[in-house]
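*Asks:* My questions concern the predicted model and sequence given below.
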Amino acid sequence: MFDPNLTRQLEGVETPFYYYDLDLLKRTLETVKAAAEKRNFHIHYAYKANYNERILHWINAYGFGADCVSGNEVKKAIEIGVHPDKIAFAGVGKTDKEIRYALQQEIFSFNVESPEELLVIGELAVQEQRTARIALRINPNVDAQTHHYITTGLDENKFGIMPGDLPECIAVAKANPYLELHGIHFHIGSQILEMNVFKSLCIKVNEWNRWFEEHGIYLRTLNVGGGLGVDYKQPDEFPLPDFDAYFSVFEQFLEKRPNQEVHFEIGRAIVAQCGTLISKALYIKKGIKKHFVILDAGMTELMRPALYQAYHAIENISAKTGAVQLHYDIVGPICESSDSFGKEVLLPEVHRGDLLAIRTAGAYGEVMSSRYNLRDEIRHYFKETD
Ligand SMILES: *Cc1c(COP(=O)(O)O)cnc(C)c1O
């Protein structure tokens with residue numbers, strides 16, 4: 001539940017806006033850091049989950065590296081002050097311009113997704129006279145048991161190198177002195193809550209680790225990607241994901257060699273719970289079968305429900321105590337039927353002007369906002385007490 005004092009503070013502010021609790025972000029960062037350091041694991045924060053500068057500032061301050069999926073994200077990481085040897089660059093469609101820029105910055109790793117991309121990076125590295133450190137992203141065919149739009153590690157997905165193409169990749173890397181193959185990379189999907197999925201991933205990584213050894217290649221890094229989920233249903237009860245349980249799966253099941261480093265790329269689990277979308281009820285429409293609350297925020301501000309039927313907890317933070325509870329469909333103002341945040345949501349009676357909090361919106365929220373319908377640029381505010 002939202003603090004009533006906070007509601008009073010927010011009441012005068014123009015809506016909609018993202019509200020970030022930086023105190024919670026810092027608590028989360030402390031928790032991940034402690035859990036990772038205990039096991040000597042290396043963490044790269046996935047910039048695409050949220051690249052708000054104040055958030056990035058703190059993530060960098062806690063010493064995490066950057067996992068980037070575009071040249072601009074690499075540039076942003078450099079600007080924030082992340083050391084290039086802690087920047088990884090992933091993505092199925094890196095352009096020549098992006099590759100050149102990342103080579104010039106001498107980043108830690110290109111996570112390569114196809115034999116052709118490896119050839120291109122090799123050619124550009126020769127032209128730039130810079131070494132390209134390479135991790136091969138392997139598609140391990142593990143089912144992440146999550147929404148099919150955020151599953152990435154199955155044979156039918158566009159991501160990663162098909163195992164049959166690996167010998168060709170090794171040959172390309174060996175033939176070019178500007179390519180330095182240092183590791184293998186996996187990322188099987190997002191919002192994964194079933195720890196057995198990560199155990200299955202470990203088993204696949206072990207197989208590939210052995211396979212490379214048998215082919216005479218010593219790998220320095222095993223990058224197991226990200227994907228740890230958060231509790232969208234109970235953000236107050238479980239504001240911190242169970243990083244210890246997550247890391248201990250890899251500690252237990254990953255057969256790393258003595259000098260190998262284990263890398264993670266965590267996005268959602270770090271930033272999701274610290275963000276809330278605050279929106280105002282514009283109108284209450286009493287239908288024949290349903291009541292609708294029409295908000296001043298829509299899929300343009302938070303696309304996850306429209307894009308992958310994502311669930312977000314919704315609260316009426318202006319409700320008076322003891323108000324009757326009613327069921328509402330909570331919708332936005334955008335001219336699309338998918339512009340809905342929730343159906344049959346039980347809330348204390350909503351009146352025009354009430355503020356509604358859409359919780360757990362810190363990851364893949366503001367970064368996916370658009371100006372469709374020529375909407376205002378999205379605003380944001382921060383809570384930071386220490
Ligand atoms: C998106 C992405 C991540 C982060 O995923 P989360 O589910 O937010 O932890 C990590 N690695 C790669 C390659 C990605 O594309």
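*Replies:* Everything's here; your move.

*Asks:* for residue 180, phi and psi?
*Replies:* Main-chain dihedrals, residue 180, degrees, to the nearest 10: phi -120, psi 110.

*Asks:* contacting residues around it?
*Replies:* If you count contacts by Cβ atoms under 8 Å, 6 or more residues apart in numbering, residue 180 has them with 131, 132, 133, 134, 173. The C-beta positions use only the backbone N, C-alpha and C, and glycine is treated the same way.

*Asks:* and the second one, how far is that from residue 87?
*Replies:* Distance of residue 132 to residue 87, given as Cβ to Cβ, to the nearest Å: 13 Å.

*Asks:* Which one of these two is surrounded by more residues?
*Replies:* residue 132 (26 against 23; other Cβ atoms under 10 Å).

*Asks:* tell me the pLDDT at that one?
*Replies:* For residue 132, the pLDDT comes out at 98.

*Asks:* And for residue 1?
*Replies:* 66.

*Asks:* Residue 30 too?
*Replies:* 98.

*Asks:* For it, grab phi and psi.
*Replies:* Per degrees, to the nearest 10, the backbone of residue 30 is at phi -60, psi -40.

*Asks:* which stretches of the protein form helices?
*Replies:* 4-10, 22-37, 53-61, 71-80, 96-104, 115-128, 166-175, 195-214, 243-253, 268-271, 304-308 (DSSP state H).

*Asks:* among those, which is nearest residue 186?
*Replies:* helix 195-214 (6.2 Å; Cβ to Cβ).

*Asks:* Could you see whether the ligand lies near the closest one?
*Replies:* No. For helix 195-214, no contact with the ligand is found by Cβ under 6 Å from any ligand atom; the gap never falls below 11.8 Å.

*Asks:* That helix vs helix 243-253, what angle?
*Replies:* 40 degrees (axes from the mean of the first three to the mean of the last three Cα atoms, to 10 degrees).

*Asks:* who does helix 195-214 touch, helix- and strand-wise?
*Replies:* The contact analysis (3 or more Cβ pairs under 8 Å, 6 or more residues apart in numbering; DSSP states H and E) places helix 195-214 against strand 179-185, helix 243-253.

*Asks:* what comes up buried for that helix?
*Replies:* Residues of helix 195-214 classed as buried: 197, 198, 200, 201, 202, 204, 205, 208, 209, 212 (neighbour count, 16 or more other Cβ atoms under 10 Å).

*Asks:* how deep is the nearest residue to the third one once chain neighbours are set aside tucked in, by neighbour count?
*Replies:* By that I understand residue 200. Closest residue in space to residue 200, ignoring its immediate chain neighbours: residue 142 at 5.0 Å, by Cβ to Cβ, 6 or more residues apart in numbering. Residue 142 has 23 neighbours, counted by other Cβ under 10 Å.

*Asks:* which among the contacts of residue 180 gets closest to the ligand?
*Replies:* residue 134 (14.7 Å; Cβ to the nearest ligand atom).

*Asks:* so what's the closest one bridging to?
*Replies:* Note on residue 134: beta-bridge partners by DSSP bridges are residue 110, residue 181.

*Asks:* Any quick ChimeraX command for the buried ones out of the contacts of residue 180?
*Replies:* In ChimeraX, a selection of the buried entries from the contacts of residue 180 looks like this (16+ other Cβ under 10 Å):
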select :132,133,134,173
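
*Asks:* Same list, the contacts of residue 180, but as TSV with distance to the ligand please.
*Replies:* Shown next, in TSV, are the contacts of residue 180 (distance: Cβ to the nearest ligand atom, whole Å):
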residue	distance to the ligand
131	22
132	18
133	16
134	15
173	20
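
*Asks:* quick one: which of the helices and strands packed on helix 195-214 is nearest the ligand?
*Replies:* That would be strand 179-185 among the helices and strands packed on helix 195-214, by Cβ to the nearest ligand atom, at 7.4 Å.

*Asks:* Show me which residues of the closest one are buried.
*Replies:* For strand 179-185, by 16+ other Cβ under 10 Å, it's 179, 181, 182, 183, 184, 185.

*Asks:* Fine by me, thanks again.
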